[in-house]
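*Asks:* give me coordinates for this.
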Amino acid sequence: MNLKKLPMSSVSGALVLVLYVGLAKISYLLYPSFFGPRGNWLSDLGSNQLNPHGAIYYRLAGILGGLVLMFFFIGLKDWYKGQKDKSRIFMTIAQLFGVLTSLAFAMTGFFSEDNLVPHSFWSVTNYICFGTAAFFVGFALLYHKDVPRLFSVFCFILAIVDIVSGVYGKTYWLEWLVVFMLLVFVASVSYITNRHLKQGR
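*Replies:* Predicted structure coming up:
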C-alpha cells in the first residue's frame with residue numbers, strides 16, 4: 001500500500017488509533033492494581049500517584065494523539081470538492097472545533113490528573129469540542145451519496161453522549177463509552193474518506 005496516495009485523514013486517523021490504544025495499553029499493563037470502568041477514570045492511567053511507572057505512557061498518548069489528531073481534522077478538506085456551500089460550511093466548522101479538541105486533548109496529557117484543575121478544564125473542553133466537531137461532520141455528510149445515512153446518525157448520538165459526559169458525567173463507564181465511540185468515529189472517518197477519494201478518481 002502506497003501511503004502517499006492515502007488521504008491525510010486516513011493516515012493520521014490510523015496513527016491516532018495506534019498511538020492512543022498502544023500507549024494506553026502499555027500504561028494499563030503497568031497499572032499496579034485493578035483497573036476498569038466500574039472504579040476508574042481513564043485518566044487515572046496518567047496519574048503519577050496511582051500509576052507511577054505507567055503514567056508517562058498515557059500522558060504521551062494524549063499529547064502525541066492530540067497533535068496527530070489535528071492533521072486528521074485538517075485533512076477533512078478532502079470532502080470540499082463537489083459539495084454544496086452549506087455542507088462545506090458545516091465541514092469547516094467541524095474542522096475548527098476539531099483543531100480545538102486536538103489542542104485540548106494534548107493539554108490533558110500535559111496536565112495530568114495530579115494537577116486536577118487544569119486537567120479537568122482541558123478534559124471538559126476536549127469532550128465538548130470533539131462532540132461539536134462530530135455533530136457538524138454528521139451534518140456535512142448527511143446527504144452525501146458516498147456515505148451511509150447511519151454514519152450521520154452515529155455522529156449525532158456521539159455528540160449528545162460526548163457533551164453530556166463532558167458537562168455532567170460523574171460515572172466512570174460513561175467516559176469509557178465516550179472514548180470508545182470517539183475511536184470508532186476516527187476509524188470510520190478514516191475509512192470512508194479513503195473510500196470516497198478512491199471512488200472519485
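*Asks:* skip the chain neighbours and tell me the closest residue to Met91.
*Replies:* Sequence neighbours aside, Ala140 is the residue nearest to Met91 in space, at 4.1 Å (criterion: Cβ to Cβ, 6 or more residues apart in numbering). To be clear about C-beta, it is placed using only N, CA and C from the backbone, and glycine gets the same treatment.
*Asks:* ok, so what distance separates the closest residue in space to Gly166 that isn't next to it in sequence from Tyr172?
*Replies:* Leaving aside its chain neighbours, Gly166 sits nearest to Tyr127 (2.8 Å; criterion: Cβ to Cβ, 6+ apart). To Tyr172, Tyr127 is 14 Å away according to Cβ to Cβ, to the nearest Å.
*Asks:* before we move on, back to that, you'd agree the residue nearest to Met91 is up against Gly98?
*Replies:* No. Judged on Cβ atoms under 8 Å, Ala140 makes no contact with Gly98 at a distance of 11.8 Å.
*Asks:* so where's this structure shaky on pLDDT?
*Replies:* 1-4, 169, 200-201 (pLDDT under 70).
*Asks:* give the closest residue to Val178 in space, chain neighbours not counted.
*Replies:* Leaving aside its chain neighbours, Val178 sits nearest to Ser165 (4.6 Å; criterion: Cβ to Cβ, 6+ apart).
*Asks:* may I have the residues that are in contact with the one you found?
*Replies:* 127, 174-175, 177-178 (Cβ atoms under 8 Å, 6 or more residues apart in numbering).
*Asks:* biggest helix in this structure by residues?
*Replies:* helix 172-200 (DSSP state H).
*Asks:* return the set of buried residues in that one.
*Replies:* Buried residues in helix 172-200, counted by 16 or more other Cβ atoms under 10 Å: 172, 174-179, 181-182, 185-186, 188-190, 192-194, 196-197.
*Asks:* now stretch 53-71
*Replies:* 54-71.
*Asks:* likewise for stretch 91-110?
*Replies:* Buried residues in stretch 91-110, defined by neighbour count with 16+ other Cβ under 10 Å: 91, 93-95, 97-109.
*Asks:* over to stretch 36-45?
*Replies:* Those would be 40-45, for stretch 36-45 by 16+ other Cβ under 10 Å.
*Asks:* which among these gets closest to Phe121?
*Replies:* Nearest to Phe121, judged by Cβ to Cβ, of these is Ser43 at 12.7 Å.
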